[in-house]
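Asks: Build me a model:
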Amino acid sequence: MRIIIGGAGEVGRGVARALQDEGQDLVLIDPDPDVIKEAQAIDAFVLLGDVTRREVLKEAGITDAGVFIAATGSDERNILSCALARDLLEEELPLEKNPKRPELLTMARIHDAGLIADEEDRLSRWAGVDVAICPHEDSIARLRAGLKSSSLNEVLPLGGDAWIVEVEVSPNASQMVNFTIAQADENIDGLPTPFTLCRKGERAFVPASDTIIEAGDRLVFATIGEHTFKRVSKAAGHIEPPYPETPRVAIFGATSLGRQLAESYLNEGCWVTVLDEKLEAANELVGSSIGSQKRLDVIHCNLGDLDLLKEVEIADHDIAIAALPDDHDNIAIAMRAADIGVERTGMILDDSNLARVVRRIGLTYAVSERRVAIDSILMHVHGRVPGHYQLMPSVPEIVAMSALISDDHSVIGETVGKIERKADAFRIAFVERENNDGSRLLLRPNNDMTVKSGDRLILFVASDDVPTIERILER
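Replies: Numbering: from 1, shown residues only. Model prediction:
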């Protein structure tokens with residue numbers, strides 16, 4: 001299947017790198033020669049040109065494409081190029097003359113959520129956009145989950161209450177270090193099974209039960225429920241302060257993102273303080289739908305004034321989050337809050353490399369909106385298997401997926417062991433199954449467990465095995 005990506009920036013390249021491992025037929029389009037030069041390391045047809053021009057889309061082979069992804073830096077250009085791709089396809093291959101013409105899935109990266117507010121069901125009709133990728137909400141969910149346990153390197157969602165967590169094993173992990181995986185499981189009650197081990201200087205691998213854990217190893221777990229984060233962190237030798245039931249939260253930036261953050265915490269009964277240097281932004285928040293809530297304080301102030309931040313009792317807040325437009329400003333203000341005494345600090349950045357560096361050196365917990373956008377796009381590209389598709393940036397060799405088993409699925413009645421033998425480096429981590437009372441249980445599988453209709457499989461796959469697993473699980 002040909003996949004055309006308009007925009008070869010961080011999002012476009014990130015999507016292309018993930019898909020090249022699956023052997024997809026890829027085309028990258030960008031008008032910037034420097035960006036095109038950087039993209040030439042990817043196994044794709046790289047085209048210098050404007051994605052809003054018919055002749056460029058023709059050269060890219062739009063009539064052979066199954067997916068068109070608009071990931072430029074402009075919302076308007078992304079929407080326009082999706083509309084153009086649809087119109088060009090109809091012009092070249094009219095549906096009335098080509099009834100068996102393959103469907104074209106169009107996706108647009110959207111930065112301004114207000115541009116498409118309440119338009120999701122109508123976007124395909126008037127804009128030619130099947131899927132709008134606006135990662136604010138998912139970024140907030142990831143950040144909030146990550147702040148539950150500040151010693152975790154990575155916290156990624158797998159749908160429902162399933163998560164991927166990555167933690168570095170401390171020398172203080174007395175029940176892990178120098179023990180095998182099986183022994184650590186016996187030593188630590190309720191420890192999830194690690195599905196990936198990253199060791200300095202070595203390629204990441206799926207550990208066996210007799211693999212010995214060393215200090216400094218990074219373990220990747222599939223786990224159920226945010227309450228398990230503390231258990232994983234403690235097992236790895238980290239000591240954390242307790243997470244308050246209703247934390248007091250400071251948010252730097254009355255931006256669109258800052259307002260969404262404030263609303264999400266207010267909805268859970270938290271006390272929230274929003275600070276911004278721009279009087280207009282602060283006033284806009286006060287006049288918004290959440291501005292009258294008694295648990296919300298909005299302060300117009302100089303964020304660089306350390307004495308003022310102390311005066312407004314920033315140190316008494318349990319969490320401080322930076323949601324400013326500039327990545328470097330966010331890093332600076334989060335570090336300032338930590339210096340003042342806030343125990344848990346976080347930020348939402350654009351640049352995924354910056355977010356990864358910030359997390360690795362332990363300054364604060366950071367989420368990249370570009371990284372979230374890449375994951376969202378890939379999940380929709382792999383929509384043949386209903387469920388989540390999650391890359392792990394620190395372990396590019398492994399992909400985490402979930403798959404819903406429908407009533408007529410071909411794997412119903414097969415054992416977990418038989419399904420896993422259909423592909424290399426393929427492990428089912430959990431099976432989510434409906435209980436008799438209608439609730440959902442998450443079960444740790446064994447080789448003899450039989451898959452039933454309605455099950456949701458949570459699994460880890462080698463990236464180059466994804467097409468094979470999709471063929472197995474889409475039926």
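Asks: Confirm that residue 445 sits in a strand.
Replies: No. Looking at residue 445 with DSSP: H, G, I helix; E, B strand; the rest coil, it is coil, so not inside a strand.
Asks: right, and it touches residue 431 too?
Replies: Yes. If you go by CB atoms under 8 Å, residue 445 and residue 431 touch, sitting 5.0 Å apart. No exception for glycine: its C-beta is placed from N, CA and C like everyone else's.
Asks: what do these two both touch?
Replies: residue 416 (CB atoms under 8 Å, 6 or more residues apart in numbering).
Asks: those strands in the stretch 251-400 of the chain, which residues are they?
Replies: 271-276, 296-300, 319-322, 344-349, 365-368, 389-391, 398-404 (DSSP state E, counting those that start in this stretch).
Asks: nearest to residue 134, of the ones you listed?
Replies: strand 344-349 (13.2 Å; CB to CB).
Asks: Residue 354: what's it in contact with?
Replies: Per CB under 8 Å, 6+ apart, neighbours of residue 354: 327, 331, 366, 368.
Asks: swap the cut-off to 10 Å and go again
Replies: When contacts are counted by CB atoms under 10 Å, 6 or more residues apart in numbering, residue 354 touches 327-328, 330-331, 347, 366, 368.
Asks: Identify, out of the strands of the stretch 251-400 of the chain, the most deeply packed stretch.
Replies: Across these, averaging neighbours per residue (mean count of other CB atoms under 10 Å) puts strand 319-322 on top, at a mean of 29.
Asks: Make a markdown table out of the strands of the stretch 251-400 of the chain and add distance to residue 95 and mean pLDDT.
Replies: Compiled in a markdown table, the strands of the stretch 251-400 of the chain are given as follows (distance: least, CB to CB, whole Å; pLDDT from 0 to 100):
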| stretch | distance to residue 95 | mean pLDDT |
| --- | --- | --- |
| strand 271-276 | 50 | 97 |
| strand 296-300 | 51 | 96 |
| strand 319-322 | 48 | 97 |
| strand 344-349 | 42 | 95 |
| strand 365-368 | 39 | 93 |
| strand 389-391 | 29 | 81 |
| strand 398-404 | 30 | 84 |
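Asks: Can you add distance to residue 232 and give those back as CSV?
Replies: Output for these, formatted as CSV (distance: least, CB to CB, whole Å):
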stretch, distance to residue 232
strand 271-276, 28
strand 296-300, 33
strand 319-322, 20
strand 344-349, 17
strand 365-368, 15
strand 389-391, 17
strand 398-404, 16
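Asks: nearest to residue 410, of those?
Replies: Taking CB to CB, strand 398-404 is the member of those nearest to residue 410, at 12.1 Å.
Asks: the inter-axis angle of the helix or strand residue 13 falls within versus strand 398-404?
Replies: Following DSSP states H and E, one finds residue 13 within helix 10-20. If you take axes from the mean of the first three to the mean of the last three CA atoms, to 10 degrees, helix 10-20 sits at 80 degrees to strand 398-404.
Asks: so which of the strands of the stretch 251-400 of the chain comes closest to residue 239?
Replies: strand 344-349 (14.1 Å).
Asks: Report the residue ranges of every domain in this protein.
Replies: Following automatic domain parsing, one gets these domains for the chain: 2-134, 139-235, 248-342, 377-473.
Asks: and these as CSV, adding distance to residue 355?
Replies: Below are the domains of the chain laid out as CSV (distance: least, CB to CB, whole Å):
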stretch, distance to residue 355
domain 2-134, 11
domain 139-235, 10
domain 248-342, 8
domain 377-473, 9
